[in-house]
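Visitor: Show me the folded form of this:
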Amino acid sequence: MKKYRLIMAAALSALLLACGCTNKAVQNEKPVSVVSSPVSKVSTPSEVSEISAIESTVVSESVPEPAYSEISSTASTSSTDDVSSESRNESLISDTEQSVEPSELSQQEESSSDDTSQTEPSESSVQQEESSSDDTSQTEPSESSVHDLSSDDPEDSPVNIEGLENKYFVKKLSEQELKDFACLYHAVVNCEQKAEFSHDVPSDQLDKMMFLLNYDCPELIHVSGDYMPYYSDVYSEYVTGVRFTYHMTKDEYQKCREELETFRKQLQENTRDMNPYETEMYVYQMLFEQTVFDDYAARAGSVYGALIEHRARCEGISKAFAWCMQSCGVECLTVAGIPLWENNGAYAGHSWNIIHLEDGYYHVDLTADNLKNYSGEVTVPLYGFLNADDEQVRRTHLVNDFFVSLGVPECTSDLMNYHKRLGQYIGSDDNMQNCFDIILQNRYHEGENTQISIRLDTSDTYQYFIDSWEDWFEQFRQMNGYSPCNSTIYYNDVALTVVIDIRTV
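Guide: Presented below is the predicted three-dimensional model:
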């Protein structure tokens, strides 16, 4: 006899809550404490004044990489007042409430024989269950659809997962796990309410697969982190299927998917002749210049929110970056963890990316840059975590244990690091003034407006540079006979990165 129950995997729920998505048995959401843009400061020749990370000036000439051409969008920017439950009211239901057996099971289902325990209830009882469980779901795209691969020949069942070759975690699944994952994936793509496995699956394996649907498949913009597992027995640790929750109706999803497909084609056309690094720079600059950091936008945690509505939090921004890179044939994954610069307790959460370029994997954290905080604001990117290695990132980011258990790739190379690649990195063992002079000689040309991004290796060298750069720059200008100019510094004490903005008088 089939039983239904809800349980909560506490560690996984905490991670999903922290990162802006929810887990099974989460019905009401509360605001997520997500990373805000790190603090930047500005100094002028006459004064030093603190500004927020998003109060800066757009940089174009400082990056010797192909500039992006803006991809048009037919979608209008969403209002911050139109906030979905994806980013609001993420409160956890108590374990006692979750363990209660659903009362909507019909007498016909209760009296069903054991040989029917692996099948869904009758159509009438399913409809009754759906109508009574409205409080546990947001929007149900279809009436009673169930995805069932039990009748399929496993040898003949195609996986057909979009961009599988560039999905780091999904492609590491075993053959059987991948087939089970494909069952869930295709059910979600088709907006079906339920999916049934062809065999019993361990419940922790379902947790893992549902998590990968959310984080390793950024194209699934409509599925929620809420889900209801169907257990083979009330005391069993095995499940026979799962019931999904969606953020959109099927029609809404199809419309958004079409918009994203149009966006994808334009992106692929614009980057057609670029190598992976150039494509990365294009996507990074595009997202930086077009996206407003917004914790509470209606689709703040999705690719659609970041790319089409241009408002997103760290989860949506990192998923959008991964989706764009995967669309261009570059392996890129989204990871989540704790921002060590935040002091928000257990529920502080953050998402960023790991990308594969040439010789290895690199961390990319676009959200930790100086993103806009409102439309029309002009900002300057510092590229502090563009292709960073593990050593740099460990100081400020802590990868969640769940991702560690999945096998996050090591990032040990600095060959493709933005600042080291350009020779704009200063270490504590270097003569800092000499290094600054060399950077200025290579980048600054009299009569031209110039922006130069520089990264320091420690907090001490970073602070020393901020305290000394004006004197060093004035000595450089006089020694070379350059005319007076205005100079400003933007800096980010999380990434230990500065941008020197030099303007002609």
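
Visitor: low-scoring stretches of the stretch 251-400 of the chain, by residue?
Guide: Within the stretch 251-400 of the chain, the set of residues satisfying pLDDT under 70 comprises 343-347.

Visitor: all strands of it, in order?
Guide: 292-293, 311-312, 332-339, 350-357, 360-364, 386-388, 397-399 (DSSP state E, counting those that start in this stretch).

Visitor: Please state the backbone phi and psi of Asp200?
Guide: phi -70, psi 140 (degrees, to the nearest 10).

Visitor: ok, it to Gln176 distance?
Guide: Counting by Cβ to Cβ, to the nearest Å, the gap from Asp200 to Gln176 is 12 Å. Just so you know, the C-beta spots here come from the backbone N, C-alpha and C atoms, and that holds for glycine as well.

Visitor: Then Arg272?
Guide: Distance, Arg272 to Gln176, by Cβ to Cβ: 38 Å.

Visitor: Which of these two has more residues huddled nearby?
Guide: Gln176 (13 against 9; other Cβ atoms under 10 Å).

Visitor: how much space between the more buried one and Cys183?
Guide: When distance is defined by Cβ to Cβ, Gln176 is 11 Å away from Cys183.

Visitor: coming back round to it: same list, the strands of the stretch 251-400 of the chain, but as TSV with mean neighbour count and distance to Cys485 please.
Guide: Formatted as TSV, the strands of the stretch 251-400 of the chain follow (neighbours: other Cβ atoms under 10 Å; distance: least, Cβ to Cβ, whole Å):
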stretch	mean neighbour count	distance to Cys485
strand 292-293	22	32
strand 311-312	28	36
strand 332-339	25	36
strand 350-357	25	36
strand 360-364	24	33
strand 386-388	28	27
strand 397-399	19	37
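
Visitor: As a markdown table, those strands with distance to His247 would be great.
Guide: Formatted as a markdown table, the strands of the stretch 251-400 of the chain follow (distance: least, Cβ to Cβ, whole Å):
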| stretch | distance to His247 |
| --- | --- |
| strand 292-293 | 20 |
| strand 311-312 | 14 |
| strand 332-339 | 18 |
| strand 350-357 | 17 |
| strand 360-364 | 26 |
| strand 386-388 | 30 |
| strand 397-399 | 26 |
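
Visitor: wait, which of those strands is closest to Thr504?
Guide: The closest of those to Thr504 is strand 386-388. By Cβ to Cβ, the value is 27.9 Å.

Visitor: Report how many residues lie close to Asp401.
Guide: A count of nearby residues for Asp401, using other Cβ under 10 Å, gives 11.

Visitor: beta partners for the residue lying closest to Tyr168 once chain neighbours are set aside?
Guide: Nearest residue to Tyr168, sequence neighbours excluded (Cβ to Cβ, 6 or more residues apart in numbering): Leu333, at 4.1 Å. Here Leu333 sits in beta bridges with Ile354, going by DSSP bridges.

Visitor: So Leu333 sits against Trp352, correct?
Guide: No. Between Leu333 and Trp352 there is no contact under Cβ atoms under 8 Å: 10.0 Å.

Visitor: Tell me which stretches of the stretch 251-400 of the chain form helices.
Guide: For the stretch 251-400 of the chain, the helices defined by DSSP state H, counting those that start in this stretch cover 276-290, 303-307, 314-327, 390-393.

Visitor: circling back to that earlier point, distance of the residue nearest to Tyr168 relative to Ser327?
Guide: 14 Å.

Visitor: swap in Val292?
Guide: For Val292, the distance to Ser327 (Cβ to Cβ) stands at 22 Å.

Visitor: In the protein, where is pLDDT below threshold?
Guide: Scanning the chain for pLDDT under 70 picks out 1-158, 343-347.

Visitor: Please repeat the previous calculation with a cut-off of 50.
Guide: Residue ranges of the chain with pLDDT under 50: 1-18, 20-66, 72-140, 142-144, 148-157.

Visitor: Check the gap between Ile354 and Arg503 for me.
Guide: In this view, Ile354 and Arg503 are 37 Å apart by Cβ to Cβ.

Visitor: sorry, that was for Tyr482
Guide: Per Cβ to Cβ, Tyr482 is found 13 Å from Arg503.

Visitor: next one: Glu165
Guide: Using Cβ to Cβ, one gets 46 Å for the distance from Glu165 to Arg503.

Visitor: what about Ser174, neighbour count?
Guide: Per other Cβ under 10 Å, the neighbour tally for Ser174 reads 9.

Visitor: what does Phe476 give?
Guide: Around Phe476 there are 17 other residues, counting by other Cβ under 10 Å.

Visitor: what helix or strand is it on?
Guide: Per DSSP states H and E: Phe476 is located in helix 459-479.

Visitor: Any buried residues in that helix, and which?
Guide: 461-462, 465-466, 469-470, 472-473, 476-477 (16 or more other Cβ atoms under 10 Å).

Visitor: List just the nearest of the residues you listed to Ala195.
Guide: Tyr462 (50.5 Å).

Visitor: and the closest one, what is it in contact with?
Guide: The neighbours of Tyr462, taking Cβ atoms under 8 Å, 6 or more residues apart in numbering as the test, are 456, 491, 493, 496, 498.

Visitor: ok, back up a step: out of the strands of the stretch 251-400 of the chain, which gets nearest to Met432?
Guide: Closest among the strands of the stretch 251-400 of the chain, using Cβ to Cβ: strand 386-388, at 20.9 Å.

Visitor: Does Arg443 touch Thr450 like I think?
Guide: Yes. In this structure, Arg443 is within contact of Thr450 by Cβ under 8 Å, at 6.0 Å.

Visitor: ok, back up a step: can you redo the helices of the stretch 251-400 of the chain as CSV with distance to Ile426 and mean neighbour count?
Guide: What follows is the helices of the stretch 251-400 of the chain, written out as CSV (distance: least, Cβ to Cβ, whole Å; neighbours: other Cβ atoms under 10 Å):
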stretch, distance to Ile426, mean neighbour count
helix 276-290, 22, 21
helix 303-307, 33, 29
helix 314-327, 27, 29
helix 390-393, 14, 18
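
Visitor: All set now, cheers.
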